[in-house]
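[1] give me a 3D structure for the following:
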Amino acid sequence: MDREQAGASDIKISFSVRANPILIVLAIGLLIRLGAAALPGFGIDLGTFQFWSVRLAEQGPWNFYSGDFLSDWTPGYLYVLWLIGSLDSLFSFSGDQFWYALKLPSIAADLASAYLLYRILEGHKPGIRVGAAALYLLHPVILLVGPVWGQVDSLLAFFLLLTVYYLARKRTLMAAVVFTVGFLVKPLAIGALPVFVFWGLRDEIRQVLPNLPETAEPLTRTIAFGRGLAARVWPAVAAALLAALLILLPFFPSNPLAIFGQLQDATEVYPFNSFYAYNFWALDFWGLTAWFEPDDLTFWGLAYRWWGIILYAAASISIIWTFRDAKGPGPLALGTALSVMAFFLFMTRMHERYLFASILLLMTAGFAMNSRAIWAVLGVLSVVQFFNVYFAYINFTSMPFEAEDNYLRVGWLFSWIDGNQQWFSLLAVLAFFVLLVSSRYLLMREEGLKEEDG
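    This is a model prediction of the structure:
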């Protein structure tokens with residue numbers, strides 16, 4: 001045998017396929033969601049979405065709010081429903097196919113949120129970043145609300161975290177645009193607005209102060225400060241207003257300001273203290289608060305609705321004071337989560353799902369800041385939110401309420417949750433105050449770690 005033949009016999013053929021771990025996690029998360037989406041959805045919401053989709057496809061957005069039907073959503077998400085309705089007009093979906101299609105936007109938002117969480121954790125170990133995305137995609141509440149129920153709170157969570165992403169990088173203009181779009185998708189985003197406005201203005205002020213003339217008169221410095229701040233802020237405000245105008249014009253072609261009337265009407269649909277929400281108004285202790293009580297009832301001469309606004313305002317001031325010197329995406333995500341929690345816990349007219357966005361924000365803060373306190377609160381709130389959403393889902397999808405026709409219903413669990421809603425509400429309220437107090441110590445620790453690294 002010559003050398004050429006010998007060499008040929010030793011040839012080995014081998015190859016390997018290397019996939020990015022985050023892509024594998026996202027693919028698995030997608031497959032799980034596509035399977036979960038086949039489970040029974042929340043018929044009231046999905047039926048409403050289907051009706052809106054068909055109407056938008058048939059008559060366009062400019063006629064949407066002129067109809068004699070409930071239309072309590074802002075235009076942002078209606079563009080998605082318009083697309084789905086247009087696809088239905090082309091492919092003629094069956095009823096089940098239509099409802100399945102309506103669950104796809106929340107699935108896409110879940111995947112986008114998981115990837116954004118992965119991006120925000122740059123600088124951490126790869127295993128932590130991939131694990132964070134996997135933990136979010138496998139979270140029971142995230143799976144129940146979007147792929148199963150068919151609601152779109154995951155879009156709000158994504159836009160809030162994307163606002164955190166840009167604000168933490170001092171990209172105020174992009175943050176303003178993203179928040180505006182998120183608000184017009186789901187106005188519940190307003191719960192995070194105080195923290196976002198404070199954070200953005202604080203960073204812009206810090207950019208202006210070093211450029212002021214040190215030897216000038218106080219009035220001159222004040223005028224220079226005002227001009228400098230306006231020069232930095234007005235582009236963000238203008239960009240946000242332009243984004244809002246572009247979204248609103250197709251729905252309100254003759255008067256975009258009509259959105260304010262639509263928002264006012266939407267707040268009047270459920271004028272109750274709490275609409276299935278496990279919050280302060282559902283404590284039901286001493287007969288002062290309870291589910292489904294009209295929020296125009298008074299206590300000490302003031303309507304419950306105004307008490308809710310006062311409590312939320314006080315909580316917002318406390319949060320801003322606590323985070324006044326904080327820096328980085330982790331603390332900003334934590335402050336935003338506290339704002340979302342405060343809005344859910346203390347404002348009236350809240351629904352069971354309105355705590356949802358805090359899960360993604362707390363998970364971001366927990367991984368970024370490596371805090372046991374955050375993880376403990378996240379664990380408590382995850383249980384409370386799951387029971388809250390599960391109870392409402394089963395209560396409306398099993399008709400009559402005593403029926404066992406929904407195979408996701410676990411009789412003893414449903415009854416146990418029903419009998420303990422005030423305790424779950426108390427847990428949520430206590431979790432907020434524990435996290436608020438703990439945040440100050442966490443921020444002090446973060447500052448100490450940065451000084452050591454410096």
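[2] all contacts plus neighbour counts: C-alpha atoms, from now on.
    Will do.
[3] burial of the nearest residue to Trp375 once chain neighbours are set aside, as a residue count?
    Sequence neighbours aside, Gly366 is the residue nearest to Trp375 in space, at 6.0 Å (criterion: C-alpha to C-alpha, 6 or more residues apart in numbering). Gly366 has 23 neighbours, counted by other C-alpha atoms under 10 Å.
[4] likewise Leu219?
    For Leu219, using other C-alpha under 10 Å, the count is 9.
[5] which strands or helices does the host helix or strand of it pack on?
    Element membership for Leu219 (DSSP states H and E) is helix 218-248. Under the contact criterion of 3 or more C-alpha pairs under 8 Å, 6 or more residues apart in numbering; DSSP states H and E, helix 218-248 touches helix 75-91, helix 172-185, helix 193-208.
[6] low pLDDT regions in this protein?
    1-17, 216, 286-290, 398-409, 448-454 (pLDDT under 70).
[7] ok, now with 80
    1-19, 67, 214-216, 284-291, 397-412, 446-454 (pLDDT under 80).
[8] just the buried positions in the helix holding Leu219, please.
    For helix 218-248, burial by neighbour count (16 or more other C-alpha atoms under 10 Å) applies to 221, 224-225, 228-229, 232-233, 236-237, 239-240, 243-244, 247-248.
[9] could you give the angle of it to helix 75-91?
    Helix 218-248 runs at 20 degrees relative to helix 75-91, counting by axes from the mean of the first three to the mean of the last three C-alpha atoms, to 10 degrees.
[10] identify the bridge partners of His351.
    For His351, the beta-bridge partners under DSSP bridges are Phe275, Tyr276.
[11] burial measure for it, as a count.
    Counted with other C-alpha under 10 Å, His351 comes out at 20.
[12] ok, Trp300 next?
    7.
[13] kindly report the same for Met369.
    19.
[14] the nearest residue to it once chain neighbours are set aside: helix or strand, and which one exactly?
    Counting by C-alpha to C-alpha, 6+ apart, Met369 lies nearest to Gly330, which is 5.9 Å off, once chain neighbours are set aside. Per DSSP H and E: Gly330 is located in helix 329-346.
[15] in the stretch 1-150 of the chain, which spans are helices?
    Using DSSP state H, counting those that start in this stretch, the helices of the stretch 1-150 of the chain run over 3-9, 21-36, 43-59, 75-91, 95-120, 126-137, 140-143.
[16] could the ones you listed go into JSON lines alongside distance to Val208 and mean neighbour count?
    Formatted as JSON lines, the helices of the stretch 1-150 of the chain follow (distance: least, C-alpha to C-alpha, whole Å; neighbours: other C-alpha atoms under 10 Å):
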{"stretch": "helix 3-9", "distance to Val208": "72", "mean neighbour count": "9"}
{"stretch": "helix 21-36", "distance to Val208": "40", "mean neighbour count": "17"}
{"stretch": "helix 43-59", "distance to Val208": "46", "mean neighbour count": "17"}
{"stretch": "helix 75-91", "distance to Val208": "34", "mean neighbour count": "18"}
{"stretch": "helix 95-120", "distance to Val208": "27", "mean neighbour count": "21"}
{"stretch": "helix 126-137", "distance to Val208": "35", "mean neighbour count": "20"}
{"stretch": "helix 140-143", "distance to Val208": "41", "mean neighbour count": "21"}
